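A.B. asks: the following block contains a protein sequence and its predicted model.
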Amino acid sequence: MFSALANPARFMAFSRWAAPILGVIAVGLIGAGLWLGLNAPPDYQQGETVKIMFIHVPAAWVAMLAYACLGGASFISLVFRHALADAAAKAAAPLGAAFTGVALVTGSLWGRPMWGAWWVWGDARLVSVLVLFLLFVGYMALRASIEDEAKSARAAEILALVGLINLPIIKFSVEWWNTLHQGESIMRAGGPTLAPAYLTPLLLAGAGYSAAFGALWLERIRAEVWRRRATSLALRAALA
Amino acid sequence: MSVLAVLVRRELSLAWTRGGGALLAVGFFVAAAVMLPLALGPAPERLAAVSGGVTWVVLSLASLLSLDRMFERDFDDGALDLLALGPLPLEIVAAVKCLAQWTVSGAPLAIAAPVVAVGLGGPVALAPMILVVAGLGGLSFAFLGGTGAALALASHRGGLLIALVVLPLLTPPVIFGGAAIANFGSGLPWSAALCLLAAYAFACVALTPFSMAGACRNAQS
Amino acid sequence: MITALRVEDLALQRGERVLFRRLSLRIAAGEAVALTGSNGAGKTSLLRAVAGFIRPVVGRIAFEGAAGDLPGEDARRAGCHLVGHQDGLKPGRKARDELLFQARWHGGTAAGALAAAERLGLTRLLGLEVRVLSAGQRRRLALARLIASPRPLWLLDEPLAPLDAAGRILLGAVMAEHLAGGGLILAAVHDPLPLDARQVGIAG
């Protein structure tokens, strides 16, 4: 399927209807998930505030998904030298950073009533997401600091792949670090096992967030393709 | 004299003279570490509690800042082109550069680290572990830092960009090294952390030269 | 061993700008080609493309050996010398050390390097640091590796520019010997080379 989409014209035609449809699906799924979640019984320990998890946890999932997509697109771009794959990687980065930011902010808001602090280092997922945020920022900084587009694309691809390989190791090391220092903190990372009443809305919200990411990503890729076309047209007109 | 030996000798000599070599890195390390008691106050228990961790963090920064010209000098004066057209692949050249950096800057830093930690009030018993961790960790820092330096070549922007790009990637060695030091200090098992640190360092040595060579070729094109 | 360089239908691009299209060229052993063209036309880029640093958009660059085309990477790493605008010399190092490194790195010997220095009139300068040498002396030092470690294909980017008249005559003699021994020269120039060379113009 990817090779069929690799043709830019076909991709543009595909994304023209795919993006809005994904957006509608996203709204539907997120709405259903939030409605179910907000109507579920309050948690024994945390009361109503636990409900922020329906915004936080899917955002954290999609943050990881976004980096995987960034890495995947970078890999395709590096190996097959495909301009569309590079456009996809470039488009995914700020989007991923945004979802990561949402996850961090909502994680902080969740932690405040639970643990009394605006930020807790004892949550392994939160710390991993923070490092992930820095990876996105580093990627965007590298891309922005190289003027030549082709060189910037290639350097960013290499960085994305190095980051992708490192990411499981980073996650492992943060979780390992957290278990080491377990005795010093009072909270449990990741939260207790979820009751089914919470699991279903969480999965719905997760699917919805993924669809939202897909829709926004397609739109951003389209915008990037348009931008590149406009730039080369302008250049050709100037040199003609 | 084999070509590899010629390259190694040259890179060692260049690393020694480049940017003040070891003296500058160690000087920065000590100067930055001095900031801690100035900021935190002289209370010995408080300083002692954080001495190991702070030494480790400042060491990573000193390692990073001392390598930002590793590829840039060669890129600017045309030596990188020369190295690319030689008998050894660019990957080997990159690895040799990082190893030279580690030998010239990383080793003195590793020796200075226990001194700094003890100076900050840490227990003397911690010194051997800090030495080992600083040495192994320094290997990761040199190779990952080299990757950042190679990537930033195309941008002509130096130290801070490299640090921003590389620091999140340093999370695993920082965690493993810090855990080894902390556990050693409190009598807990430390061998797992040290093994993880060593494994990560060797993985860096094996894998990052490919990304460094790719980034150099990108900048040369 | 490279016996000929073949450029087929080459197009090069720098950033968004296409430098030139449909360039075809063949240099056989014993031949020299002088690339001419205005600044920015793509002479340096062509040399770097042959050296393997720039990927062509269209076309190919092939190195012919005794038994057919040689693999590009090996041919370049074993058979090419590139002397560009920058000489690759470290300013703070002694000229002798730089010369010895460059010669050995390209497969030559210390004795060969010192003989090359003798040929180019550099012997009394070897004890000095590179940064105190004049531009012409540095260029001769950089060119010394061409003699010290023989390789068939020479890619030269404005080799004569900083040299004085005596230096140019000397380089001309060195180049003539190289061609006589079956070597190939591709040089980007503004002034004519001091030997017989085919002129190829690069234009957008």
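C.D. replies: Everything's here; your move.

A.B. asks: check contacts around A:Ala160.
C.D. replies: Neighbour list for A:Ala160: A:70-71, A:73-74, A:89, A:139 [criterion: C-beta atoms under 8 Å, 6 or more residues apart in numbering or on different chains]. C-beta: built from backbone N, CA, C; applies to glycine.

A.B. asks: secondary structure element for it?
C.D. replies: Assigned by DSSP states H and E, A:Ala160 falls within helix A:149-180.

A.B. asks: spell out which parts of chain B neighbour chain C.
C.D. replies: B:1, B:3, B:6-7, B:10, B:13-14, B:17, B:73, B:76-79, B:81-87, B:217, B:220-221 (C-beta under 8 Å from any C-beta of the partner chain).

A.B. asks: let me know the helix or strand that the residue nearest the centre of chain A is in.
C.D. replies: Residue closest to the mean C-alpha point of chain A, counted by C-alpha atoms, centre = their mean, is A:Ala63 at 2.7 Å. For A:Ala63, the enclosing helix or strand under DSSP H and E is helix A:53-80.

A.B. asks: avg pLDDT for stretch A:129-138?
C.D. replies: Mean per-residue pLDDT for stretch A:129-138: 94.

A.B. asks: got the contact list for the residue of chain C found nearest chain A?
C.D. replies: The nearest approach of chain C to chain A comes at C:Glu16, 5.1 Å away (C-beta to the nearest C-beta). The contact partners of C:Glu16, taken as C-beta under 8 Å, 6+ apart, are A:149, A:231-232, A:235.

A.B. asks: for ChimeraX, what selects the buried ones among those residues?
C.D. replies: Selecting the buried subset of these in ChimeraX, with 16 or more other C-beta atoms under 10 Å in any protein chain shown as the burial test, is done by:
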select /A:149
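
A.B. asks: ok, the residue located most distally from the centre of chain B - contacts?
C.D. replies: Centroid-distance maximum for chain B: B:Ala43 at 30.4 Å, with C-alpha atoms, centre = their mean. Applying C-beta under 8 Å, 6+ apart to B:Ala43 gives no contacts.

A.B. asks: roughly how far does it sit from chain A?
C.D. replies: Distance, B:Ala43 to chain A, using C-beta to the nearest C-beta, to the nearest Å: 21 Å.

A.B. asks: for chain B, what are the nearby residues on chain C?
C.D. replies: Residues of chain C lying close to chain B by C-beta under 8 Å from any C-beta are C:48, C:51-55, C:76-78, C:80-82, C:84-93, C:97, C:101-102, C:104-107.

A.B. asks: buried ones among the residues you listed?
C.D. replies: Buried among those by 16+ other C-beta under 10 Å: C:48, C:51-54, C:76-78, C:80-82, C:84, C:86-90, C:93, C:97, C:101-102, C:104-107.

A.B. asks: count of neighbours near C:Pro194?
C.D. replies: 16 (other C-beta atoms under 10 Å in any protein chain shown).

A.B. asks: for it, give me its contacts.
C.D. replies: By C-beta under 8 Å, 6+ apart, the residues touching C:Pro194 are C:160, C:168-169, C:171-172, C:175.

A.B. asks: among these, name the ones in strands.
C.D. replies: Judged by DSSP state E, these include no members of strands.

A.B. asks: drop anything exposed from these.
C.D. replies: Counted by 16+ other C-beta under 10 Å, those give C:160, C:168, C:171, C:175 as buried.

A.B. asks: on that earlier part again, next up, phi/psi of the residue of chain C closest to chain A, please.
C.D. replies: phi -90, psi -10 (degrees, to the nearest 10).
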